[in-house]
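Trainee: Build me a model from this:
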Amino acid sequence: MTTTATAQDSLIRLPEVLKRTGLSRASVYRLMDAGDFPAKRKLMGTARSSPICFSANEVQAWINKRMNPANEGEEQ
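Mentor: Residues are numbered from 1 along each chain as shown. Prediction:
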């Protein structure tokens with residue numbers, strides 16, 4: 001999933017993503033690696049320890065798609 005955050009969008013940190021999705025940290029990273037979860041964004045610089053965040057709108061759209069029973073026969 002590669003959409004961009006809009007001006008009305010907010011950024012959320014990983015703990016909030018885990019809370020909203022009910023997924024584990026490992027599951028989120030596994031889904032990101034497979035291209036099946038919104039991409040992370042670094043808040044500062046390029047250091048490995050830089051905090052990461054996600055577009056709240058993208059995460060919510062991902063949740064909505066997973067909850068939709070008519071999502072083209074995809075597994076939930």
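
Trainee: low pLDDT regions in the protein?
Mentor: Within the chain, the set of residues satisfying pLDDT under 70 comprises 1-7, 45-47, 70-76.

Trainee: all helices for it, in order.
Mentor: For the chain, helices defined by DSSP state H occupy the ranges 14-21, 25-33, 56-67.

Trainee: What residues sit buried inside the longest one?
Mentor: Of the residues in helix 56-67, 56-59, 62 count as buried by neighbour count, 16 or more other Cβ atoms under 10 Å. C-beta: built from backbone N, CA, C; applies to glycine.

Trainee: TSV please, covering those and showing distance to residue 30.
Mentor: As requested, the buried residues of helix 56-67 are exported to TSV (distance: Cβ to Cβ, whole Å):
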residue	distance to residue 30
56	21
57	22
58	17
59	16
62	14
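
Trainee: closest to residue 39 among the residues you listed?
Mentor: Each of these was checked against residue 39 using Cβ to Cβ; the closest is residue 58, at 8.0 Å.

Trainee: returning to that earlier point: and of the buried residues of helix 56-67, the nearest to residue 34?
Mentor: Each of these was checked against residue 34 using Cβ to Cβ; the closest is residue 62, at 12.7 Å.
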